[in-house]
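1. Let's see this in three dimensions:
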Amino acid sequence: MNISYKFFSSHVCRICHRSINWEPKSPVSIASASRLYSGSPSPKNSKSEDNRSKEKWWSISNEWKIITTIGIGIASWFVNAKQDRIHSRKQMKMNLVSSQLKELYGPLYGNRIVAETSYRAAMKEYGGLRNYLEQARKERDAEMIKRWRSYVWTVLYPLDEEAVDIICKHAHLIAEKDFPEEFDTFLKHIARMRFVMEQWKNEKGNLESTKEFTEDDFLEDTNSSGIGGSKSMINHLQLKCKHLRKQQQEYVEDISVDNLTLGMLNKIKI
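-> Here you go, the predicted model:
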């Protein structure tokens, strides 16, 4: 009885001593147990889920970047194409205006200025052709008639023919829808003058000498076309040149701005 009691007592003491002096083998196991008990995820599972979340977000972000880049590229292409068409139309209009100035209105205006200046310089002393011819008729001054006809033949008529040539060759550059009245009047004057000048010729095709003159040679109708319009022609050409130069300058400025815009758009690439 005493032996059994002693054995039991010593055994209980050893168990209690172990219980009192027990230390956990691994602190991780306690934390793991705590998490398992509380239902919290382990660090490995949490890290894995974070990685998956980041990968998913990265994938979505890249997709949107690609879509946005393609969208910007397509939009810039359409804008660039539209700008190119507008630029081309402006360039064509500017080229037309430049051709009108260079080939038609500019040369014709210069031609008419020279012709008008020459005429006024010759007739300044007499106040105009009508007064000149009237004085020649009254004084029966055949030399005055001859000087006038020679002046027309060598100075004014070549300028008129040059003007007709400019109009005929470049009529497609006329700015108006209808043929200008000023041009029509001028061409009628030239046609009439050609008929009149045929009467100045002798049988050899040269200008008649004063000895061959008759009473009709002193009349205004045999020395002039009787058709005016030189001033209105010059005014018309002056206004046209001014208007076309203004248009040309506007197109030059617009095209310069367009070139800058196109340069910026061309830098936008997919």
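
2. all contacts plus neighbour counts: C-alpha atoms, from now on.
-> Will do.

3. did I read that right, residue 118 in a helix?
-> Yes. Under DSSP: H, G, I helix; E, B strand; the rest coil, residue 118 falls within a helix.

4. Can you tell me the closest non-neighbouring residue to it?
-> residue 156 (7.7 Å; C-alpha to C-alpha, 6 or more residues apart in numbering).

5. Ok, residue 113 next?
-> In space, residue 113 is closest to residue 234, 7.1 Å off (C-alpha to C-alpha, 6+ apart).

6. Could you pull up the residues touching that neighbour?
-> 109, 112, 113 (C-alpha atoms under 8 Å, 6 or more residues apart in numbering).

7. Now residue 176. Its backbone dihedrals?
-> The phi/psi pair for residue 176 (degrees, to the nearest 10) reads phi -80, psi 160.

8. quick one: low-confidence ranges for the stretch 1-150 of the chain?
-> 1-65, 67, 69-84, 87 (pLDDT under 70).

9. give me that answer again for 90
-> Scanning the stretch 1-150 of the chain for pLDDT under 90 picks out 1-94.

10. Ok, the stretch 151-270 of the chain next?
-> In the stretch 151-270 of the chain (pLDDT under 90), the answer is 175-177, 202-205, 212, 226-229, 251-270.

11. could you redo the last one with a cut-off of 70?
-> 258, 261-270.

12. Where do the strands of it begin and end?
-> Taking DSSP state E, counting those that start in this stretch as the criterion, the stretch 151-270 of the chain contains no strands.

13. all helices for it, in order.
-> 157-169, 181-198, 230-266 (DSSP state H, counting those that start in this stretch).

14. Return the list of helices and strands in contact with the shortest one.
-> With contacts defined as 3 or more C-alpha pairs under 8 Å, 6 or more residues apart in numbering; DSSP states H and E, helix 157-169 has these neighbours: helix 106-123, helix 181-198.

15. so which of those helices gets nearest residue 243?
-> helix 106-123 (11.8 Å; C-alpha to C-alpha).

16. Would you mark the buried spots in that closest one?
-> Residues of helix 106-123 classed as buried: 106, 107, 108, 109, 111, 112, 113, 115, 116, 119, 123 (neighbour count, 16 or more other C-alpha atoms under 10 Å).

17. can you redo those as a markdown table with distance to residue 211?
-> Below are the buried residues of helix 106-123 laid out as a markdown table (distance: C-alpha to C-alpha, whole Å):
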| residue | distance to residue 211 |
| --- | --- |
| 106 | 43 |
| 107 | 40 |
| 108 | 38 |
| 109 | 39 |
| 111 | 35 |
| 112 | 34 |
| 113 | 35 |
| 115 | 30 |
| 116 | 31 |
| 119 | 26 |
| 123 | 25 |
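
18. just those now: which is nearest residue 228?
-> residue 116 (11.8 Å).

19. Which residues are in contact with that closest one?
-> For residue 116, the contacting residues are residue 230, by C-alpha under 8 Å, 6+ apart.

20. Please tell me how far it sits from residue 233.
-> 10 Å (C-alpha to C-alpha, to the nearest Å).

21. if we can go back for a sec, okay, the helices and strands packed on helix 157-169 in JSON lines with distance to residue 222 next?
-> Converted to JSON lines, those look like this (distance: least, C-alpha to C-alpha, whole Å):
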{"stretch": "helix 106-123", "distance to residue 222": "18"}
{"stretch": "helix 181-198", "distance to residue 222": "6"}
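
22. Nearest to residue 254, out of these?
-> It is, among these and with distance given as C-alpha to C-alpha, helix 106-123, at 23.0 Å.
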